[in-house]
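Visitor: how does the following fold in three dimensions:
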Amino acid sequence: ATGETVAMILARHFPDHPVDWSTYRFEAVSDTGDTVLHIACEAGSLQLVERWLEEDLVPHQVIQRENGRQQTPVELLCSLGTPASARLACALAVRVQTLDATFRALEGCREAEICAPFVKSADVDPHVQEATRIFLALLRDQLRGASLDDTLRILEMNHRLGVVGVREVHQATKRVCDALLRRSVASEDEGTIRYALMCARQYGQRLLEERRHVAHFTGVDISKVKIPDIENLPSHREASATAAALERARAWDQAQRQLEQGVARQDWELLRTALIVCKDREFMDNPGVAEAVQLQLDLATRRTAQAIATGCEEDLIACVAELSSARLERSPAYTTATTALTEARERRVGAELR
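Guide: Residues are numbered from 1 along each chain as shown. Have a look, this model is predicted:
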């Protein structure tokens, strides 16, 4: 936008103020929560904003101020999506020197597809270089004493910008994973523990990707690129074992209920399903399983007898299939049923030949 266009926009928002930028009250706020800096940034008047910065007219609190849509001037510049606006966003962020401002400005550089902030190059704009330096310094400093929630937020910033090789980030990642895993184990909730393990796996994968990235671009042997091994943390092993134990207990509770219902109703399908779980999960020595096994064998004998009594080959085929699905191939009932099926087939073939 031209200076005249910006003047028109400002006049609409601030009709009682003069359009003399040197005397303009930057702290003034419109009905939408915008300052003059917000409006100029959103309008794309980059030369005007540069002039204000050169003359040191804009107070720091105005640069950090959010408007009614929770947008700062830095974010409004980045939303323009141009290399020039991203560089100017870095210049604003350098003035206030906060982690959030420098992060958003550097993210704007990536979105505008200008030189990656963390590549050392003479072609990188000085404002981008300075914003990078400040961001890394603030990141290292704030990670040292940050709470768990703040650490997670900072690590996400780091990941979105693609920063690699920062020792404090490695240490913080290890610390966060350890804290999440320990907290989840203390909860004794399987879902919470599984979620913590998933988060730890994601952070571990990020570190592995960083390791490959550093080895590739530096030419260093990947075995010499040291990063924390999340899966070897004692808390990770404890969380994995606890989750497995809780899942096993849950599986037994479900199988036990099915066994009790199957025994009470003499329900073949309930017993079949529950006993398969018991065999797969090695629950066969648990209380009540032996009684259910004996009932299943009794039901199998009855089903076999009923199928033999009909003398129908289809009934015998169905009986053998049911016994097989219940994994009773070694039971006397299965042997009896298969023998009867073989005899029935021989009788049918003999009858056909005659």
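
Visitor: what about the stretch 201-350 of the chain, any weak spots by pLDDT?
Guide: In the predicted model, the stretch 201-350 of the chain carries pLDDT under 70 at residues 217-218, 220, 222-225.

Visitor: helices of that one, start to end?
Guide: Assigned helices in the stretch 201-350 of the chain, in chain order: 234-265, 268-280, 289-310, 313-325, 332-353 (criterion: DSSP state H, counting those that start in this stretch).

Visitor: now do the third one against helix 234-265, angle only.
Guide: What that stands for is helix 289-310. 50 degrees (axes from the mean of the first three to the mean of the last three Cα atoms, to 10 degrees).

Visitor: hang on, Leu295 packs against Arg265?
Guide: No. Using Cβ atoms under 8 Å, Leu295 makes no contact with Arg265, being 10.5 Å away. No exception for glycine: its C-beta is placed from N, CA and C like everyone else's.

Visitor: comparing those two, which residue is more hemmed in?
Guide: Leu295 (18 against 11; other Cβ atoms under 10 Å).

Visitor: neighbours of Met198, how many?
Guide: Per other Cβ under 10 Å, the neighbour tally for Met198 reads 10.

Visitor: from Ser240, how far out is it?
Guide: Counting by Cβ to Cβ, to the nearest Å, the separation of Met198 from Ser240 is 12 Å.

Visitor: re earlier: need the overlap of contacts for Leu295 and Arg265.
Guide: Counting by Cβ atoms under 8 Å, 6 or more residues apart in numbering, no residue touches both Leu295 and Arg265.

Visitor: what sits against Leu143?
Guide: 151, 154, 168-169, 171-172.

Visitor: can you tell me which residues contact Gly68?
Guide: Counting by Cβ under 8 Å, 6+ apart, Gly68 touches 32-34.

Visitor: min pLDDT across those, which one?
Guide: Taking these together, the minimum pLDDT is found at Thr32 (83).

Visitor: how about the nearest residue to that one, chain neighbours excluded?
Guide: Setting aside the residues directly before and after it, Thr32 is nearest to Gly68 in space (Cβ to Cβ, 6 or more residues apart in numbering), at 4.8 Å.

Visitor: do Gln256 as well
Guide: Nearest to Gln256 is Gly288, by Cβ to Cβ, 6+ apart, at 6.6 Å.

Visitor: equivalent analysis for Thr72, please.
Guide: Per Cβ to Cβ, 6+ apart, closest to Thr72 is Glu66, 5.6 Å.

Visitor: burial count for that neighbour?
Guide: Quick note: Glu66 (other Cβ under 10 Å) scores 13 neighbours.

Visitor: does it count as helix, strand or coil?
Guide: What DSSP: H, G, I helix; E, B strand; the rest coil gives for Glu66 is coil.

Visitor: now swap in the one 4 residues further on and tell me
Guide: With three-state DSSP as the basis, Gln70 sits in coil.

Visitor: what about it, distance to Phe26?
Guide: 19 Å.

Visitor: so what's the closest residue in space to Cys78 that isn't next to it in sequence scoring on pLDDT?
Guide: Sequence neighbours aside, Gly108 is the residue nearest to Cys78 in space, at 3.0 Å (criterion: Cβ to Cβ, 6+ apart). On pLDDT, Gly108 comes in at 93.

Visitor: sec struct for Val163, please.
Guide: Classification of Val163 by three-state DSSP places it in coil.

Visitor: count the residues that sit near it.
Guide: Using other Cβ under 10 Å, Val163 is surrounded by 19 other residues.

Visitor: pretty sure it is touching Val169, no?
Guide: Yes. Using Cβ under 8 Å, Val163 is in contact with Val169, at 6.8 Å.

Visitor: which residues do the two both contact?
Guide: Contacts common to Val163 and Val169, judged by Cβ under 8 Å, 6+ apart, are Leu139.

Visitor: so which of Gln70 and Phe26 has more stuff around it?
Guide: The neighbour comparison of Gln70 against Phe26 (other Cβ under 10 Å) goes to Phe26, with 16 against 8.

Visitor: having no further points to raise, I will conclude here.
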